[in-house]
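Novice: What follows is a predicted structure for the sequence shown.
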Amino acid sequence: MNNCTRRNFIKTSSLGLIAAGAMNWTGAASAESFHDKTARKSPDWLAKGVVYQISLRGFTEQGTLKAAEEKLESIAKLGVTAVYLCPVFVSDDDMNKAFWSDRQKASGMENPCNPYRMKDYYNVDPEYGTNQDLKDFITAAHALGMRVMLDMVFFHCGPTAVFIESHPDFVQRDETGAVKNGRWHFPMLNFESPELREYLIQNMEQWVRDYKADGFRMDVGDRIPVAFWEEARRRCEKINPKVGFINEGTKPQSLVEAFDVNYSFAFVGTLNDSFCGRKPASAYRSRCLSIASQNVQGARFLRYIDNHDIASDKRLNRPEKEYTFEGVNAVLTLLFTQDGVPMLYGGQEVADVSPQCLFGNTAQAKKANLSTPTVCVDWSLAQTPQGQARTALIRQLAQLRRSNDVFTAGKIVWLENDKMDSVLAFRRELGDKNALVVVNTTKNPVKVWVNSKVSPQFAPIQNGTFTDLNYELPPYGYVVRTDAM
(Lines give C-alpha, C1' and ligand atoms only; values in the text may rest on other atoms or scores of the structure.)
Protein backbone atom coordinates (compact mmCIF):
# COMPACT_ATOMS: atom_id res chain seq x y z
CA MET A 1 0.00 0.00 0.00
CA ASN A 2 1.68 3.27 -1.12
CA ASN A 3 1.07 6.66 0.50
CA CYS A 4 -1.66 7.63 -1.92
CA THR A 5 -3.45 4.34 -1.39
CA ARG A 6 -3.13 4.70 2.37
CA ARG A 7 -4.71 8.17 2.28
CA ASN A 8 -7.64 6.91 0.25
CA PHE A 9 -8.03 3.38 1.59
CA ILE A 10 -11.42 4.13 3.17
CA LYS A 11 -12.97 4.72 -0.26
CA THR A 12 -11.92 1.33 -1.59
CA SER A 13 -12.27 -0.90 1.47
CA SER A 14 -15.19 -2.85 2.82
CA LEU A 15 -15.36 -1.30 6.28
CA GLY A 16 -16.19 -4.41 8.24
CA LEU A 17 -15.09 -2.78 11.45
CA ILE A 18 -17.21 0.33 10.99
CA ALA A 19 -20.26 -1.91 10.97
CA ALA A 20 -19.16 -3.27 14.32
CA GLY A 21 -20.14 -0.09 16.13
CA ALA A 22 -21.84 -2.00 18.91
CA MET A 23 -18.50 -3.39 20.08
CA ASN A 24 -16.77 -1.96 23.13
CA TRP A 25 -13.71 -0.13 21.82
CA THR A 26 -12.84 1.62 25.09
CA GLY A 27 -10.69 -1.21 26.41
CA ALA A 28 -12.35 -0.85 29.83
CA ALA A 29 -11.73 -3.76 32.18
CA SER A 30 -14.68 -6.08 32.77
CA ALA A 31 -15.62 -7.47 36.17
CA GLU A 32 -16.64 -10.73 34.52
CA SER A 33 -14.82 -13.86 35.67
CA PHE A 34 -13.30 -15.93 32.88
CA HIS A 35 -12.11 -18.93 34.89
CA ASP A 36 -15.11 -20.99 33.78
CA LYS A 37 -14.34 -20.33 30.11
CA THR A 38 -11.99 -22.34 27.88
CA ALA A 39 -9.06 -21.11 25.83
CA ARG A 40 -9.54 -21.19 22.07
CA LYS A 41 -8.28 -24.11 20.00
CA SER A 42 -4.98 -23.03 18.51
CA PRO A 43 -2.86 -24.23 15.58
CA ASP A 44 -0.50 -27.06 16.56
CA TRP A 45 2.56 -25.31 15.12
CA LEU A 46 2.21 -22.73 17.89
CA ALA A 47 0.42 -24.53 20.73
CA LYS A 48 2.77 -27.53 20.48
CA GLY A 49 5.75 -25.67 19.13
CA VAL A 50 8.90 -23.80 20.04
CA VAL A 51 9.25 -20.07 19.34
CA TYR A 52 12.54 -18.33 18.51
CA GLN A 53 12.74 -14.55 18.78
CA ILE A 54 15.00 -12.50 16.52
CA SER A 55 15.80 -8.85 17.17
CA LEU A 56 17.58 -8.05 13.91
CA ARG A 57 19.91 -5.38 15.26
CA GLY A 58 21.36 -7.75 17.81
CA PHE A 59 21.15 -10.98 15.85
CA THR A 60 23.96 -10.42 13.32
CA GLU A 61 26.62 -7.79 12.81
CA GLN A 62 24.85 -6.64 9.64
CA GLY A 63 21.47 -6.44 11.37
CA THR A 64 19.54 -7.27 8.19
CA LEU A 65 16.92 -9.74 7.04
CA LYS A 66 19.33 -11.24 4.53
CA ALA A 67 21.97 -11.89 7.20
CA ALA A 68 19.35 -13.42 9.50
CA GLU A 69 18.05 -15.60 6.67
CA GLU A 70 21.45 -17.28 6.46
CA LYS A 71 20.99 -18.59 10.00
CA LEU A 72 17.52 -20.05 9.52
CA GLU A 73 18.79 -23.56 8.77
CA SER A 74 20.64 -23.77 12.10
CA ILE A 75 17.54 -22.46 13.91
CA ALA A 76 15.38 -25.11 12.27
CA LYS A 77 17.80 -27.82 13.40
CA LEU A 78 17.13 -26.81 17.01
CA GLY A 79 13.53 -27.98 16.61
CA VAL A 80 12.06 -24.49 16.37
CA THR A 81 8.60 -24.27 14.78
CA ALA A 82 8.12 -20.48 14.69
CA VAL A 83 10.43 -17.51 14.22
CA TYR A 84 9.15 -14.31 15.81
CA LEU A 85 10.69 -11.17 14.30
CA CYS A 86 10.85 -7.96 16.27
CA PRO A 87 9.34 -5.08 14.25
CA VAL A 88 10.84 -4.74 10.79
CA PHE A 89 8.63 -1.89 9.62
CA VAL A 90 9.69 1.71 8.99
CA SER A 91 10.72 3.41 12.25
CA ASP A 92 10.12 7.09 12.91
CA ASP A 93 13.29 9.09 12.26
CA ASP A 94 12.20 12.24 14.10
CA MET A 95 15.20 13.69 16.00
CA ASN A 96 13.17 15.49 18.69
CA LYS A 97 14.19 13.60 21.83
CA ALA A 98 11.01 14.67 23.60
CA PHE A 99 9.43 11.82 21.63
CA TRP A 100 12.16 9.24 22.39
CA SER A 101 11.67 6.60 25.06
CA ASP A 102 13.78 6.87 28.22
CA ARG A 103 15.72 3.70 27.37
CA GLN A 104 16.28 4.92 23.84
CA LYS A 105 17.92 8.10 25.17
CA ALA A 106 19.89 6.20 27.81
CA SER A 107 21.32 3.80 25.20
CA GLY A 108 23.72 6.48 23.93
CA MET A 109 23.09 5.42 20.34
CA GLU A 110 21.78 8.88 19.36
CA ASN A 111 19.55 7.02 16.93
CA PRO A 112 15.94 8.20 16.44
CA CYS A 113 14.85 4.91 14.87
CA ASN A 114 13.28 2.83 17.62
CA PRO A 115 11.76 -0.37 16.17
CA TYR A 116 8.78 0.07 18.52
CA ARG A 117 8.06 3.61 17.28
CA MET A 118 6.41 3.18 13.90
CA LYS A 119 6.33 5.64 11.04
CA ASP A 120 4.98 3.36 8.29
CA TYR A 121 3.26 0.06 9.09
CA TYR A 122 3.06 -1.02 5.46
CA ASN A 123 6.74 -1.22 4.46
CA VAL A 124 10.01 -2.73 5.65
CA ASP A 125 12.54 -0.31 7.10
CA PRO A 126 15.48 0.08 4.66
CA GLU A 127 17.84 -0.53 7.60
CA TYR A 128 16.72 -4.17 7.58
CA GLY A 129 16.31 -4.59 3.82
CA THR A 130 13.48 -4.43 1.34
CA ASN A 131 9.91 -5.67 1.19
CA GLN A 132 11.19 -8.44 -1.07
CA ASP A 133 13.79 -9.38 1.55
CA LEU A 134 10.97 -10.02 4.04
CA LYS A 135 9.15 -12.16 1.49
CA ASP A 136 12.35 -14.10 0.86
CA PHE A 137 12.95 -14.56 4.60
CA ILE A 138 9.46 -15.99 5.09
CA THR A 139 9.79 -18.23 2.04
CA ALA A 140 13.12 -19.58 3.32
CA ALA A 141 11.67 -20.26 6.77
CA HIS A 142 8.71 -22.10 5.24
CA ALA A 143 11.04 -24.26 3.17
CA LEU A 144 12.68 -25.36 6.44
CA GLY A 145 9.35 -26.19 8.07
CA MET A 146 9.09 -23.08 10.23
CA ARG A 147 6.44 -20.37 10.48
CA VAL A 148 7.14 -16.64 10.79
CA MET A 149 5.37 -14.25 13.16
CA LEU A 150 5.63 -10.46 12.83
CA ASP A 151 5.60 -7.99 15.71
CA MET A 152 2.75 -5.47 15.47
CA VAL A 153 3.02 -2.19 17.41
CA PHE A 154 -0.51 -0.78 17.46
CA PHE A 155 -0.73 0.91 20.86
CA HIS A 156 1.33 3.88 19.72
CA CYS A 157 3.18 5.28 16.69
CA GLY A 158 5.90 7.79 15.89
CA PRO A 159 5.30 11.56 15.98
CA THR A 160 5.70 11.82 12.19
CA ALA A 161 3.76 8.68 11.25
CA VAL A 162 2.60 8.83 7.64
CA PHE A 163 -1.09 9.00 8.54
CA ILE A 164 -1.17 11.68 11.27
CA GLU A 165 -1.55 14.64 8.91
CA SER A 166 -4.12 13.05 6.59
CA HIS A 167 -6.02 11.27 9.37
CA PRO A 168 -5.70 13.36 12.54
CA ASP A 169 -8.30 11.19 14.28
CA PHE A 170 -5.97 8.17 14.10
CA VAL A 171 -4.22 9.37 17.28
CA GLN A 172 -5.63 10.32 20.65
CA ARG A 173 -5.94 14.04 21.37
CA ASP A 174 -6.63 16.15 24.44
CA GLU A 175 -9.32 18.80 24.83
CA THR A 176 -7.13 21.34 23.00
CA GLY A 177 -6.60 19.02 20.04
CA ALA A 178 -2.98 18.29 20.89
CA VAL A 179 -1.70 14.75 20.42
CA LYS A 180 -1.70 12.66 23.61
CA ASN A 181 1.53 10.81 24.24
CA GLY A 182 1.72 7.64 26.29
CA ARG A 183 4.11 5.99 28.70
CA TRP A 184 7.03 5.89 26.26
CA HIS A 185 6.46 9.47 24.99
CA PHE A 186 4.90 8.21 21.74
CA PRO A 187 1.51 9.29 20.28
CA MET A 188 -1.23 6.83 21.29
CA LEU A 189 -3.48 5.44 18.57
CA ASN A 190 -7.21 6.12 18.80
CA PHE A 191 -9.23 2.91 18.67
CA GLU A 192 -12.46 4.91 18.84
CA SER A 193 -11.81 5.62 15.15
CA PRO A 194 -13.39 2.95 12.89
CA GLU A 195 -11.13 4.09 10.07
CA LEU A 196 -8.01 3.49 12.16
CA ARG A 197 -9.19 0.02 13.08
CA GLU A 198 -9.76 -0.81 9.44
CA TYR A 199 -6.38 0.64 8.46
CA LEU A 200 -4.58 -1.59 10.95
CA ILE A 201 -6.49 -4.76 10.13
CA GLN A 202 -5.86 -4.23 6.43
CA ASN A 203 -2.19 -3.93 7.36
CA MET A 204 -2.28 -7.34 9.07
CA GLU A 205 -4.16 -8.82 6.12
CA GLN A 206 -1.44 -7.55 3.79
CA TRP A 207 1.30 -9.44 5.65
CA VAL A 208 -0.72 -12.66 5.74
CA ARG A 209 -2.01 -12.48 2.17
CA ASP A 210 0.91 -10.98 0.21
CA TYR A 211 3.90 -12.03 2.32
CA LYS A 212 2.54 -15.34 3.70
CA ALA A 213 3.25 -14.36 7.32
CA ASP A 214 1.84 -17.00 9.66
CA GLY A 215 0.85 -14.82 12.58
CA PHE A 216 1.64 -11.95 14.87
CA ARG A 217 2.96 -11.00 18.28
CA MET A 218 1.03 -7.97 19.51
CA ASP A 219 3.05 -5.38 21.38
CA VAL A 220 1.30 -4.06 24.52
CA GLY A 221 -1.75 -6.04 23.42
CA ASP A 222 -3.64 -5.58 26.70
CA ARG A 223 -3.79 -1.81 26.14
CA ILE A 224 -5.83 -2.37 22.98
CA PRO A 225 -9.49 -3.47 23.06
CA VAL A 226 -9.92 -7.26 22.89
CA ALA A 227 -12.79 -6.76 20.43
CA PHE A 228 -10.31 -5.28 17.94
CA TRP A 229 -8.06 -8.34 18.16
CA GLU A 230 -11.03 -10.68 17.82
CA GLU A 231 -12.12 -8.97 14.62
CA ALA A 232 -8.54 -8.89 13.32
CA ARG A 233 -8.23 -12.62 13.90
CA ARG A 234 -11.48 -13.37 12.09
CA ARG A 235 -10.31 -11.38 9.10
CA CYS A 236 -6.83 -12.93 9.02
CA GLU A 237 -8.23 -16.46 9.39
CA LYS A 238 -10.22 -15.96 6.19
CA ILE A 239 -6.84 -15.75 4.45
CA ASN A 240 -4.97 -18.35 6.55
CA PRO A 241 -7.13 -20.50 8.87
CA LYS A 242 -4.03 -21.54 10.83
CA VAL A 243 -2.80 -18.07 11.68
CA GLY A 244 -1.35 -17.66 15.18
CA PHE A 245 -1.68 -14.71 17.60
CA ILE A 246 0.54 -13.99 20.63
CA ASN A 247 -0.49 -11.25 23.07
CA GLU A 248 1.96 -9.24 25.13
CA GLY A 249 -0.37 -9.13 28.10
CA THR A 250 -2.23 -11.08 30.74
CA LYS A 251 -5.96 -10.47 30.17
CA PRO A 252 -7.74 -13.84 30.56
CA GLN A 253 -10.48 -12.82 28.12
CA SER A 254 -7.91 -12.35 25.36
CA LEU A 255 -7.42 -16.14 25.18
CA VAL A 256 -11.08 -16.98 24.58
CA GLU A 257 -11.31 -15.88 20.94
CA ALA A 258 -8.48 -13.51 20.04
CA PHE A 259 -5.15 -15.00 21.13
CA ASP A 260 -3.44 -18.38 21.34
CA VAL A 261 -0.82 -17.40 23.90
CA ASN A 262 -0.35 -14.65 26.47
CA TYR A 263 3.13 -13.21 26.92
CA SER A 264 4.34 -10.98 29.72
CA PHE A 265 6.84 -10.53 32.53
CA ALA A 266 4.32 -11.99 34.99
CA PHE A 267 6.44 -15.10 35.56
CA VAL A 268 9.93 -13.88 34.79
CA GLY A 269 10.61 -11.79 37.88
CA THR A 270 9.64 -14.57 40.29
CA LEU A 271 11.57 -17.10 38.22
CA ASN A 272 14.67 -14.90 38.45
CA ASP A 273 14.24 -14.51 42.19
CA SER A 274 13.87 -18.26 42.72
CA PHE A 275 16.93 -19.21 40.67
CA CYS A 276 19.08 -16.42 42.13
CA GLY A 277 18.31 -17.21 45.76
CA ARG A 278 16.28 -14.10 46.49
CA LYS A 279 13.11 -16.15 46.99
CA PRO A 280 12.45 -19.86 47.60
CA ALA A 281 11.61 -22.15 44.68
CA SER A 282 8.08 -22.39 46.07
CA ALA A 283 7.53 -18.71 45.18
CA TYR A 284 7.63 -19.53 41.48
CA ARG A 285 5.25 -22.46 41.96
CA SER A 286 2.85 -20.20 43.88
CA ARG A 287 3.05 -17.58 41.15
CA CYS A 288 2.15 -20.15 38.48
CA LEU A 289 -0.76 -21.53 40.51
CA SER A 290 -2.09 -18.05 41.23
CA ILE A 291 -2.06 -16.98 37.59
CA ALA A 292 -3.66 -20.26 36.49
CA SER A 293 -6.47 -19.82 39.04
CA GLN A 294 -7.40 -16.47 37.52
CA ASN A 295 -7.29 -17.60 33.90
CA VAL A 296 -9.43 -19.48 31.41
CA GLN A 297 -9.15 -23.24 31.35
CA GLY A 298 -6.28 -24.34 29.14
CA ALA A 299 -4.64 -20.90 29.14
CA ARG A 300 -1.25 -20.85 27.42
CA PHE A 301 1.69 -18.63 28.29
CA LEU A 302 4.96 -17.97 26.50
CA ARG A 303 7.77 -19.28 28.72
CA TYR A 304 11.10 -17.44 28.45
CA ILE A 305 13.97 -15.92 30.42
CA ASP A 306 15.50 -13.65 27.78
CA ASN A 307 14.03 -11.38 25.11
CA HIS A 308 14.66 -8.10 23.31
CA ASP A 309 13.75 -6.02 26.38
CA ILE A 310 15.97 -7.93 28.81
CA ALA A 311 18.92 -8.22 26.42
CA SER A 312 19.07 -4.49 25.74
CA ASP A 313 18.31 -3.17 29.23
CA LYS A 314 21.51 -2.03 30.94
CA ARG A 315 19.83 -2.42 34.34
CA LEU A 316 19.38 -6.16 33.84
CA ASN A 317 21.87 -9.00 33.64
CA ARG A 318 21.68 -11.46 30.77
CA PRO A 319 20.54 -14.92 31.98
CA GLU A 320 23.96 -16.51 31.48
CA LYS A 321 25.38 -14.03 33.98
CA GLU A 322 22.37 -14.03 36.28
CA TYR A 323 22.00 -17.81 36.65
CA THR A 324 25.31 -19.12 35.25
CA PHE A 325 25.48 -21.52 32.32
CA GLU A 326 24.26 -24.47 34.42
CA GLY A 327 21.42 -22.42 35.84
CA VAL A 328 20.17 -21.48 32.37
CA ASN A 329 20.21 -25.16 31.39
CA ALA A 330 18.01 -25.91 34.41
CA VAL A 331 15.62 -23.06 33.61
CA LEU A 332 15.30 -24.13 29.97
CA THR A 333 14.54 -27.68 31.08
CA LEU A 334 11.81 -26.31 33.34
CA LEU A 335 10.28 -24.07 30.67
CA PHE A 336 10.30 -26.67 27.89
CA THR A 337 8.50 -29.22 30.08
CA GLN A 338 6.10 -26.89 31.89
CA ASP A 339 2.67 -26.08 30.42
CA GLY A 340 2.80 -23.34 27.79
CA VAL A 341 5.00 -22.53 24.81
CA PRO A 342 8.79 -22.12 25.25
CA MET A 343 10.54 -19.20 23.60
CA LEU A 344 14.25 -18.94 22.87
CA TYR A 345 15.98 -15.61 22.32
CA GLY A 346 18.45 -15.33 19.45
CA GLY A 347 21.86 -16.63 20.52
CA GLN A 348 20.61 -18.49 23.56
CA GLU A 349 21.47 -21.77 21.84
CA VAL A 350 25.18 -20.85 22.00
CA ALA A 351 25.02 -19.41 25.56
CA ASP A 352 25.59 -15.87 24.28
CA VAL A 353 26.35 -13.13 26.81
CA SER A 354 27.11 -10.31 24.37
CA PRO A 355 25.89 -6.79 25.16
CA GLN A 356 22.98 -5.98 22.88
CA CYS A 357 20.96 -2.88 22.13
CA LEU A 358 17.47 -2.60 20.74
CA PHE A 359 18.19 0.96 19.66
CA GLY A 360 21.05 0.47 17.25
CA ASN A 361 23.20 -2.06 15.40
CA THR A 362 26.95 -2.60 15.54
CA ALA A 363 27.72 0.06 12.93
CA GLN A 364 25.59 2.62 14.78
CA ALA A 365 27.30 1.71 18.07
CA LYS A 366 30.71 2.38 16.52
CA LYS A 367 29.48 5.67 15.10
CA ALA A 368 28.27 6.70 18.56
CA ASN A 369 31.68 5.75 20.03
CA LEU A 370 30.10 3.46 22.61
CA SER A 371 32.43 1.63 24.99
CA THR A 372 30.99 -1.68 23.78
CA PRO A 373 30.91 -1.22 19.99
CA THR A 374 29.75 -4.77 19.25
CA VAL A 375 26.08 -5.23 20.07
CA CYS A 376 25.26 -8.55 18.45
CA VAL A 377 25.42 -12.27 19.18
CA ASP A 378 28.90 -13.75 19.32
CA TRP A 379 28.27 -16.70 17.01
CA SER A 380 31.82 -18.02 17.50
CA LEU A 381 30.50 -19.42 20.80
CA ALA A 382 28.87 -22.18 18.75
CA GLN A 383 32.29 -23.82 18.54
CA THR A 384 32.93 -23.77 22.29
CA PRO A 385 32.14 -26.70 24.63
CA GLN A 386 29.43 -24.67 26.36
CA GLY A 387 27.89 -23.54 23.08
CA GLN A 388 27.80 -27.09 21.77
CA ALA A 389 26.37 -28.42 25.03
CA ARG A 390 23.60 -25.80 25.07
CA THR A 391 22.67 -26.50 21.45
CA ALA A 392 22.50 -30.23 22.19
CA LEU A 393 20.28 -29.68 25.23
CA ILE A 394 17.84 -27.48 23.32
CA ARG A 395 17.60 -30.05 20.54
CA GLN A 396 16.87 -32.73 23.14
CA LEU A 397 14.19 -30.62 24.81
CA ALA A 398 12.52 -29.75 21.50
CA GLN A 399 12.58 -33.41 20.44
CA LEU A 400 11.00 -34.36 23.78
CA ARG A 401 8.08 -32.00 23.10
CA ARG A 402 7.66 -33.32 19.56
CA SER A 403 7.71 -36.99 20.53
CA ASN A 404 5.60 -36.89 23.68
CA ASP A 405 2.36 -34.90 23.64
CA VAL A 406 2.07 -35.11 27.42
CA PHE A 407 4.36 -32.04 27.42
CA THR A 408 2.24 -30.04 24.98
CA ALA A 409 -1.30 -31.10 25.85
CA GLY A 410 -1.05 -32.68 29.28
CA LYS A 411 -2.32 -31.30 32.56
CA ILE A 412 0.27 -29.96 35.02
CA VAL A 413 0.16 -31.10 38.65
CA TRP A 414 2.61 -29.39 41.01
CA LEU A 415 4.10 -31.83 43.54
CA GLU A 416 5.14 -31.55 47.16
CA ASN A 417 8.72 -32.41 48.11
CA ASP A 418 10.85 -32.19 51.22
CA LYS A 419 13.02 -29.37 49.81
CA MET A 420 10.35 -26.90 48.75
CA ASP A 421 12.71 -23.94 49.17
CA SER A 422 15.15 -25.42 46.65
CA VAL A 423 13.30 -27.79 44.31
CA LEU A 424 10.47 -27.46 41.80
CA ALA A 425 8.65 -30.67 40.92
CA PHE A 426 5.58 -31.37 38.82
CA ARG A 427 3.87 -34.12 36.91
CA ARG A 428 2.36 -33.85 33.42
CA GLU A 429 -0.68 -36.05 32.75
CA LEU A 430 -2.51 -36.88 29.52
CA GLY A 431 -4.81 -39.90 29.66
CA ASP A 432 -2.66 -42.80 30.78
CA LYS A 433 0.57 -40.95 29.89
CA ASN A 434 2.72 -39.40 32.59
CA ALA A 435 5.94 -37.44 32.93
CA LEU A 436 7.76 -36.24 36.02
CA VAL A 437 10.07 -33.21 36.19
CA VAL A 438 12.34 -32.30 39.12
CA VAL A 439 14.58 -29.20 39.02
CA ASN A 440 17.08 -27.88 41.56
CA THR A 441 16.88 -24.07 41.51
CA THR A 442 20.01 -23.53 43.62
CA LYS A 443 23.79 -23.54 43.20
CA ASN A 444 24.07 -26.21 45.90
CA PRO A 445 23.68 -30.00 45.51
CA VAL A 446 20.50 -31.38 47.03
CA LYS A 447 18.94 -34.70 48.02
CA VAL A 448 15.16 -34.57 47.73
CA TRP A 449 12.15 -36.83 48.07
CA VAL A 450 9.22 -36.03 45.74
CA ASN A 451 5.64 -36.96 46.56
CA SER A 452 4.31 -38.48 43.33
CA LYS A 453 1.81 -41.22 42.63
CA VAL A 454 3.71 -42.36 39.55
CA SER A 455 7.37 -42.99 38.78
CA PRO A 456 7.93 -43.07 35.00
CA GLN A 457 10.68 -45.49 34.05
CA PHE A 458 12.77 -43.57 31.52
CA ALA A 459 14.85 -40.40 31.97
CA PRO A 460 15.59 -38.99 28.50
CA ILE A 461 17.00 -35.77 29.97
CA GLN A 462 18.91 -35.69 33.25
CA ASN A 463 22.08 -34.56 34.97
CA GLY A 464 21.09 -35.97 38.34
CA THR A 465 20.38 -39.47 39.65
CA PHE A 466 17.30 -41.03 41.20
CA THR A 467 15.90 -44.14 42.83
CA ASP A 468 12.12 -44.30 42.72
CA LEU A 469 11.12 -40.94 44.24
CA ASN A 470 14.46 -40.02 45.79
CA TYR A 471 16.74 -37.70 43.80
CA GLU A 472 20.33 -36.55 44.08
CA LEU A 473 20.74 -33.37 42.08
CA PRO A 474 23.96 -31.40 41.47
CA PRO A 475 23.85 -27.58 41.52
CA TYR A 476 21.04 -26.59 39.11
CA GLY A 477 20.44 -30.28 38.46
CA TYR A 478 17.36 -31.72 36.78
CA VAL A 479 15.68 -35.00 35.89
CA VAL A 480 12.90 -35.48 33.34
CA ARG A 481 11.18 -38.87 33.49
CA THR A 482 8.73 -40.29 30.96
CA ASP A 483 6.73 -43.45 30.31
CA ALA A 484 8.62 -44.09 27.07
CA MET A 485 11.80 -42.88 25.41
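Specialist: That came through, no problem.
Novice: what about the strands in the stretch 101-250 of the chain?
Specialist: 118-124, 147-152, 215-218, 244-248 (DSSP state E, counting those that start in this stretch).
Novice: could you give the angle of the last one to strand 147-152?
Specialist: Looking back up the chat, that one is strand 244-248. 40 degrees (axes from the mean of the first three to the mean of the last three CA atoms, to 10 degrees).
Novice: just to revisit the earlier point, and of the strands of the stretch 101-250 of the chain, who's closest to residue 281?
Specialist: strand 244-248 (26.7 Å; CB to CB). In this view, the C-beta of every residue, glycine as well, is placed from N, C-alpha and C.
Novice: name the helices or strands packed onto the closest one?
Specialist: helix 44-47, strand 147-152, strand 215-218, helix 226-239, strand 261-263 (3 or more CB pairs under 8 Å, 6 or more residues apart in numbering; DSSP states H and E).
Novice: where does the protein have low pLDDT?
Specialist: Applying pLDDT under 70 to the chain flags the ranges 1-32.
Novice: which residue lies farthest from the center of it?
Specialist: Relative to the centre of the chain, the most outlying C-alpha is that of residue 176, 37.9 Å out, by CA atoms, centre = their mean.
Novice: Now do that residue against residue 399, distance only.
Specialist: 60 Å (CB to CB, to the nearest Å).
Novice: try residue 107
Specialist: Applying CB to CB, the value for residue 107 to residue 399 is 38 Å.
Novice: higher neighbour count, those two?
Specialist: With neighbours defined as other CB atoms under 10 Å, residue 107 and residue 399 compare such that residue 107 has more, 24 against 14.
Novice: Double-check the more buried one against residue 364; I have them as touching.
Specialist: No: look at residue 107 against residue 364 with CB atoms under 8 Å: they stay out of range, at 9.8 Å.
Novice: Dihedrals phi and psi, the residue farthest from the centre of the chain?
Specialist: phi -90, psi -10 (degrees, to the nearest 10).
Novice: which residues touch residue 429?
Specialist: Contact partners of residue 429, counting by CB atoms under 8 Å, 6 or more residues apart in numbering, are 406, 410-411, 413.
Novice: and what of residue 159?
Specialist: Counting by CB under 8 Å, 6+ apart, residue 159 touches 92, 94, 96, 99, 179, 186-187.
Novice: Show me which of these are buried.
Specialist: By neighbour count, with 16 or more other CB atoms under 10 Å, the contacts of residue 159 hold 92, 94, 99, 179, 186-187 as buried.
Novice: what number of residues lie near residue 71?
Specialist: Residue 71: 17 neighbours (other CB under 10 Å).
Novice: and it, what does it touch?
Specialist: By CB under 8 Å, 6+ apart, the residues touching residue 71 are 59-60, 379.
Novice: any idea how far residue 65 is from it?
Specialist: Residue 71 is 11 Å from residue 65, by CB to CB.
Novice: residues near residue 206, how many?
Specialist: By other CB under 10 Å, 15 other residues sit near residue 206.
Novice: now residue 388
Specialist: By the criterion of other CB under 10 Å, residue 388 has 15 neighbours.
Novice: Which residue, other than its chain neighbours, is closest to it?
Specialist: Take residue 388 and drop its neighbours on the chain: the residue closest to it by CB to CB, 6 or more residues apart in numbering is residue 382, 7.2 Å away.
Novice: A helix includes the one you found, no?
Specialist: Yes: counting by DSSP: H, G, I helix; E, B strand; the rest coil, residue 382 is found in a helix.
Novice: got the contact list for it?
Specialist: Contacts of residue 382 by CB under 8 Å, 6+ apart are 349-350, 388, 391.
Novice: Throw together a PyMOL command that grabs the buried residues out of the residues you listed.
Specialist: Selecting just the buried residues from these in PyMOL takes one command, with 16+ other CB under 10 Å as the test:
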select buried, resi 349+350+391
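Novice: ok, back up a step: closest one to residue 274 out of the contacts of residue 71, please.
Specialist: The closest of the contacts of residue 71 to residue 274 turns out to be residue 59 (CB to CB; 29.1 Å).
Novice: Please list all residues in contact with that closest one.
Specialist: Contacts of residue 59 by CB under 8 Å, 6+ apart are 67-68, 71, 346-347, 376-377.
Novice: Same question for residue 207.
Specialist: Contacts of residue 207 by CB under 8 Å, 6+ apart are 150, 213, 216.
Novice: Lovely, talk soon.
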